[in-house]
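**Student:** With the input below, show me the fold.
(one chain, ligands or ions: 2)
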Amino acid sequence: MKLNTLTAAFGLVAPTSALLRFGCAKLTVQRLDPLVNPGQLPSTHLHQIIGGNSFNVSMEPDKHDLPSLSTCTSCQFTEDFSNYWTAVLFFRARNGTYKRVPQMAQAGMEGTQGGMVVYYMSDALFDTAQKSKVTAFKPGFRMLVGDVTNGNRDDARDFRQLTYTCMTDQSSRFPESIGFPKTPCKGGIMANHRFPTCWDGVNLDTPNHQDHVSYPEVGTFESGGRCPSTHPVRLPQILLETVWDTRAFNNKADWPEDGSQPFVWSSGDKTGFSSHADYLFGWKADSLQKAMDGHTYVSAPMLKTQSISEQNKCTVPDMVKENFDGWLPQLPGVSM
Ligand SMILES: *[C@@H]1O[C@H](CO)[C@@H](O)[C@H](O)[C@H]1NC(C)=O
Ligand SMILES: *[C@@H]1O[C@H](CO)[C@@H](O)[C@H](O)[C@H]1NC(C)=O
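**Tutor:** Ligands and ions are numbered 1, 2, ... in the order given. Okay, the predicted model is just below:
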């Protein structure tokens with residue numbers, strides 16, 4: 001399906017719940033991970049981070065209140081001080097050096113520096129009715145989807161909805177693959193991170209940052225599958241779309257001689273199966289629940305917004321002080 005089909009559907013009906021779609025600029029790109037490696041400076045691999053500027057080396061769950069400690073957010077909706085992050089994509093040249101792949105703003109969000117597009121859904125993306133009830137995350141809620149140690153397709157299947165789209169243009173959304181695309185992608189590579197949608201209703205986090213959430217017991221979020229009795233609370237589905245602008249690296253003559261593809265996650269993964277993303281909930285008061293209950297599709301008049309130039313201005317200090325521009329002999333923090 002093409003995005004113009006999606007765009008054509010925007011705002012057609014008056015749904016009883018909501019789908020939010022909004023851009024967030026880059027907050028920072030650093031080797032930090034307050035969820036998996038709290039207090040570790042630098043963390044094991046490079047991340048690209050969006051959201052509220054209370055993001056820091058440590059964000060202790062019971063002490064760090066994202067909305068009150070943030071003074072700005074890189075997201076369009078100014079009540080969203082959450083943090084969202086993923087690994088960073090690199091290109092590996094034939095001579096073994098690495099170059100960071102830039103990120104591209106999506107259509108209609110031109111001028112946004114880096115970052116991602118974030119969705120919160122009540123039902124499947126293409127369901128304009130958005131009629132199912134969802135319960136917004138609670139303050140202190142965090143989760144991780146994916147596993148940085150996954151190296152094969154079977155392991156990657158544990159996380160049903162971490163995929164890539166080989167884009168021909170800005171509107172490409174299908175097909176999706178579980179590993180990195182194997183051929184050059186004219187419009188870049190979109191990484192799709194969909195988080196689990198069922199919560200145990202008790203724990204804001206768990207030691208592996210995953211056991212308190214689950215996928216539906218049957219079917220999928222998209223098919224309206226019910227949550228298991230262990231995780232009965234239906235959450236909004238968060239989807240992160242990151243467009244990696246691979247266009248400067250599409251010359252097959254620069255690709256590996258053995259016919260493999262040249263892109264690698266900042267963790268060192270050449271397969272794409274280790275795709276992962278982190279989420280620290282940080283919406284102000286009950287703004288997310290109100291928005292999800294708000295009878296809208298894509299537009300969200302009940303939420304306050306800011307301009308792209310304001311989004312771009314929200315950053316955090318460089319705490320790691322590490323250079324990762326130019327051709328690097330190795331990935332930051334990773335020896336291969
Ligand atoms: C990060 O944490 C340190 C130590 O607590 C603090 O001094 C600093 O102000 C924090 N930075 C931001 C951007 O909040
Ligand atoms: C390695 O390859 C890249 C891409 O072709 C090139 O720009 C760079 O100068 C090369 N570096 C070295 C040290 O040869």
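
**Student:** so what's residue 163 closest to, chain neighbours aside?
**Tutor:** Leaving aside its sequence neighbours, residue 163 sits nearest to residue 176 (C-beta to C-beta, 6 or more residues apart in numbering; 3.7 Å). C-beta here means a position set from N, CA and C on the backbone, and glycine is covered the same way.

**Student:** my guess is the one you found contacts residue 166, does it?
**Tutor:** No: Residue 176 lies out of contact with residue 166 (C-beta atoms under 8 Å); the separation is 9.1 Å.

**Student:** Between the two, tell me which one has more neighbours.
**Tutor:** residue 166 (21 against 14; other C-beta atoms under 10 Å).

**Student:** Please tell me how far residue 322 sits from ligand 2.
**Tutor:** Look at residue 322 and ligand 2: by C-beta to the nearest ligand atom, to the nearest Å, they are 20 Å apart.

**Student:** list the contacts for that residue?
**Tutor:** 30, 31, 42, 332 (C-beta atoms under 8 Å, 6 or more residues apart in numbering).

**Student:** for the stretch 151-300 of the chain, what spans make up the strands?
**Tutor:** 162-166, 176-177, 189-194, 198-199, 213-214, 233-234, 237-244, 263-265, 276-280, 296-298 (DSSP state E, counting those that start in this stretch).

**Student:** can you redo the contacts of residue 322 as TSV with pLDDT?
**Tutor:** Shown next, in TSV, are these (pLDDT from 0 to 100):
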residue	pLDDT
30	97
31	97
42	96
332	96
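
**Student:** Around residue 189, count how many other residues there are.
**Tutor:** By the criterion of other C-beta under 10 Å, residue 189 has 24 neighbours.

**Student:** In terms of pLDDT, where does it sit?
**Tutor:** Reported pLDDT at residue 189 in the predicted model: 98.

**Student:** Tell me how far residue 241 lies from ligand 1.
**Tutor:** As judged by C-beta to the nearest ligand atom, residue 241 and ligand 1 stand 27 Å apart.

**Student:** Could you check which helix or strand contains the residue nearest to that residue when sequence neighbours are not counted?
**Tutor:** With sequence-adjacent residues excluded and distances taken as C-beta to C-beta, 6+ apart, residue 241 is closest to residue 117, at 4.5 Å. Counting by DSSP states H and E, the element that carries residue 117 is strand 116-121.

**Student:** residue contacts, the residue of the stretch 101-250 of the chain found nearest ligand 2?
**Tutor:** Per C-beta to the nearest ligand atom, residue 249 is where the stretch 101-250 of the chain lies closest to ligand 2, at 9.1 Å. Listed by C-beta under 8 Å, 6+ apart, the contact partners of residue 249 are 91, 99, 101, 184, 262, 263.
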